[in-house]
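Trainee: Okay, here's the prediction I keep looking at, along with the sequence it came from:
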Amino acid sequence: MKIQIKKIKDAISESSIFSCTDMSGTIIYVNDNFCRISGYSREELVGAKHSIVNSGYHDKAFWRAAWATVSRGKAWRAEVCNRTKDGRFYWVDTFIYPMLGDDGKPEGYFSVRNDITQRKEQELAIEYKNALLEKIAWIQSHEMRRPVSTILGLIQLLNADDPENGEIIRMLHQSSQELDQKIKMIVRLTESIEKERLRDNDNSNMAIAS
């Protein structure tokens, strides 16, 4: 049984990012994967706090909730954005487990993290595209309504018995050009989103095929 436990420990250490801290949150052990992905040496990490890889992405309430959970002897899990030594962001699916003493109270903490950077980057790319779509929708519902309303109002004026409508015609022409530019902008945005979507689908299909 001891051999099996050692194999499990070795497998976790080989495939995941692993660390242990004391009760104050000071790192007392890290595996090679932690050093590799963070860019810090073992000597730099051991004795430091996990804030050494803090990206600033998560607010203080996020971390207060984490420590409130593990200090009660409960496991905590979340997707965390960290920062490497050279300033690059990376995402990890994080599990923090309290190491409980005989009295059932935490004596320290160990964590297992798995790199999910690629998936998170894909999700963020989708969020960006959705934001573009929302922008398009806003343009359609606000920016395009104004010149359209102007055109409709001018058309009504043209139907009136007014021989001096040259200025109205000029304004009508100007509003039509403005509307045309807005439509062209929407077309360009839509085409850009569609090209990115098709490229992402191709990449996903290639990944599945491999």
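Mentor: Thanks, I have it.
Trainee: rest of the way, CA atoms for contacts and neighbours
Mentor: Will do.
Trainee: so where's this protein uncertain?
Mentor: By pLDDT under 70, the low-scoring segments of the chain are 1-13, 137, 140-145, 148, 155-166, 187, 190-191, 193-194, 197-198, 200-210.
Trainee: now do 90
Mentor: Counting by pLDDT under 90, the chain has low-confidence residues at 1-15, 24, 100-106, 118-210.
Trainee: Walk me through the domains of it.
Mentor: Taking automatic domain parsing as the criterion, the chain consists of the domains 2-115, 120-209.
Trainee: In a markdown table: the ones you listed, plus mean neighbour count.
Mentor: Listed next are the domains of the chain as a markdown table, based on neighbours: other C-alpha atoms under 10 Å:
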| stretch | mean neighbour count |
| --- | --- |
| domain 2-115 | 16 |
| domain 120-209 | 14 |
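Trainee: Wait, residue 109 touches residue 97, no?
Mentor: Yes. Contact criterion C-alpha atoms under 8 Å: residue 109 and residue 97 qualify, at 5.6 Å.
Trainee: Put the alpha carbons of stretch 169-184 into PDB.
Mentor: C-alpha atoms of stretch 169-184 as PDB (Å, rounded to 0.1, in the frame of the first residue of the first chain):
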ATOM      1  CA  ILE A 169     -32.200  67.500 -49.800                       C
ATOM      2  CA  ARG A 170     -28.600  68.300 -48.900                       C
ATOM      3  CA  MET A 171     -29.200  67.300 -45.300                       C
ATOM      4  CA  LEU A 172     -30.900  64.100 -46.500                       C
ATOM      5  CA  HIS A 173     -27.900  63.300 -48.600                       C
ATOM      6  CA  GLN A 174     -25.500  63.900 -45.700                       C
ATOM      7  CA  SER A 175     -27.600  61.700 -43.300                       C
ATOM      8  CA  SER A 176     -27.700  58.900 -45.900                       C
ATOM      9  CA  GLN A 177     -23.900  59.000 -46.200                       C
ATOM     10  CA  GLU A 178     -23.500  58.800 -42.400                       C
ATOM     11  CA  LEU A 179     -25.800  55.800 -42.300                       C
ATOM     12  CA  ASP A 180     -23.800  54.200 -45.100                       C
ATOM     13  CA  GLN A 181     -20.600  54.600 -43.100                       C
ATOM     14  CA  LYS A 182     -22.200  53.100 -40.000                       C
ATOM     15  CA  ILE A 183     -23.400  50.100 -42.000                       C
ATOM     16  CA  LYS A 184     -19.900  49.600 -43.500                       C
END
